[in-house]
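>>> model this:
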Amino acid sequence: MTQSDPTQTRVLQILKENQGRFVSGIVLSSRLGISRTAIWKHIRGLRSLGYDILSHPKTGYSLVSTPDTLTPEEVLPLLRTSWLGRDYHYHPTVTSTNDVVMRTAAEGGPHGYTVVAEEQTKGRGRLRRPWISPPGTGIYVSFLLTTPMPVRHAPLTTLVAALALTKVVRRDYGLSAAIKWPNDVLVRSRKLSGILTEIQSDQELTRFIVIGIGINVNQTAEDLSGDFRYPPTSLAAEAGGPVSRKELLTAFLAQFEAEFGVFVENGFASLLDELERFSAILGKVVTIHGGNREISGLVSGFTPEGALKLVSRDGHEETIWVGDITRVEGEF
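Below you'll find the predicted structure:
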């Protein structure tokens, strides 16, 4: 696990401020109050994280390029949240970011505790389906919510996260992202992101909620090839070029914090209008598999509790609380 070294972060900040120019070891040593040997150790540490730094015995150090990483050194300076992500933990590789946060939550971890990984070896989605997590291309992040709430409300945080990501993709990248109930974000009917929410509760109230989200960011067509239940896509594929993962991550965390605040203060019903506006299935015929049955109908809306309102061909309306959408079609 990597946490931010304040001195190393400051070395990086000075190099970034002077990118394209050399900064002498004497200047760095004087500004930071440490020895030139210590400066060299921090330079080595930054290089090990992928920073391309030139060194010259007379002129010092010059930052050539910054890697596309989600290290604290890159993410924390961009973070615009009050509590989410402020306790930030970075891993090159984990089995699953949800696994890490669930363990921390069980030990009394703080509200907003956030884990990000470059790669997951056992990433998973709903119903324990695998989430392919190639290194250095996507965003694999999980965070902890300790705000007590009725257990029946906890799963709604999945839709809150989906709404937050959908807004960011639409606003910052100009793409028509849409929410596929209950836990996916699509672009052009292709899966961009999946969300996994895990809960521990005492009787009627939650002890904690862990939200994990996988976002396909810079994956290539080759990365996304394979036998998927739903056709995948990546942000880069849709936007036509590479996307800064740190900018996307920090924008998402800020937007989720804002949407979660509205959810807690005003209730889920206050988000319904936007959820329906950005729905990928509203007004469409869907087939839903749930339990031991399969049902088809026209999606007419959502209840204030987050359930799906489905109208059958004979006009009968049914409320669907849980299920897996296996097919989306046009109208009847």
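
>>> for the longest helix along the chain, packing partners?
Longest among the helix segments of the chain by residue count, using DSSP state H, is helix 245-266. Counting contacts by 3 or more C-beta pairs under 8 Å, 6 or more residues apart in numbering; DSSP states H and E, helix 245-266 packs against helix 72-75, strand 139-145, helix 156-173, strand 205-215. Every residue, glycine included, has its C-beta placed from N, CA and C.

>>> which residues of the stretch 51-200 of the chain fall in strands?
For the stretch 51-200 of the chain, the strands defined by DSSP state E, counting those that start in this stretch cover 52-56, 60-65, 88-94, 114-120, 139-145, 177-180, 184-187, 190-202.

>>> hmm, back to that, how far off strand 205-215 does the longest helix of the chain point, in degrees?
Orientation check (axes from the mean of the first three to the mean of the last three C-alpha atoms, to 10 degrees): helix 245-266 against strand 205-215 gives 150 degrees.

>>> follow-up on the earlier one: any chance of the strands of the stretch 51-200 of the chain in a markdown table, plus mean neighbour count and mean pLDDT?
A markdown table is the format used below for the strands of the stretch 51-200 of the chain (neighbours: other C-beta atoms under 10 Å; pLDDT from 0 to 100):
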| stretch | mean neighbour count | mean pLDDT |
| --- | --- | --- |
| strand 52-56 | 13 | 95 |
| strand 60-65 | 18 | 95 |
| strand 88-94 | 19 | 94 |
| strand 114-120 | 24 | 94 |
| strand 139-145 | 25 | 97 |
| strand 177-180 | 23 | 97 |
| strand 184-187 | 23 | 96 |
| strand 190-202 | 20 | 94 |
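
>>> before we move on, back to that, please work out the angle formed by the directions of the longest helix of the chain and strand 88-94.
For helix 245-266 against strand 88-94, the angle by the same axes, to 10 degrees is 120 degrees.

>>> Can you list the buried residues in whichever helix or strand comes after helix 245-266?
Sequence order places helix 272-277 as the next helix or strand after helix 245-266, per DSSP states H and E. Buried residues in helix 272-277, counting neighbours by 16 or more other C-beta atoms under 10 Å, are found at 272, 275.

>>> just checking, what packs against the helix or strand following helix 272-277?
Using DSSP H and E, the helix or strand that follows helix 272-277 in sequence is strand 285-290. With contacts taken as 3+ C-beta pairs under 8 Å, 6+ apart, strand 285-290 sits against strand 293-302, strand 308-311, strand 324-329.

>>> For residue 63, which of those is the nearest?
Smallest distance to residue 63 across these (C-beta to C-beta): 47.1 Å, for strand 324-329.

>>> Excluding its own residues, what touches the closest one? List them.
Contacts of strand 324-329 with the rest of the structure, by C-beta atoms under 8 Å, 6 or more residues apart in numbering, involve 126-127, 180-181, 189, 280-281, 284-290, 294, 296.

>>> Drop anything exposed from those.
Buried among the contacts of strand 324-329 by 16+ other C-beta under 10 Å: 126, 180, 181, 280, 281, 284, 285, 286, 288.

>>> list the contacts for the fourth one?
By C-beta under 8 Å, 6+ apart, the contact list for residue 280 reads 178, 179, 180, 186, 189, 328.
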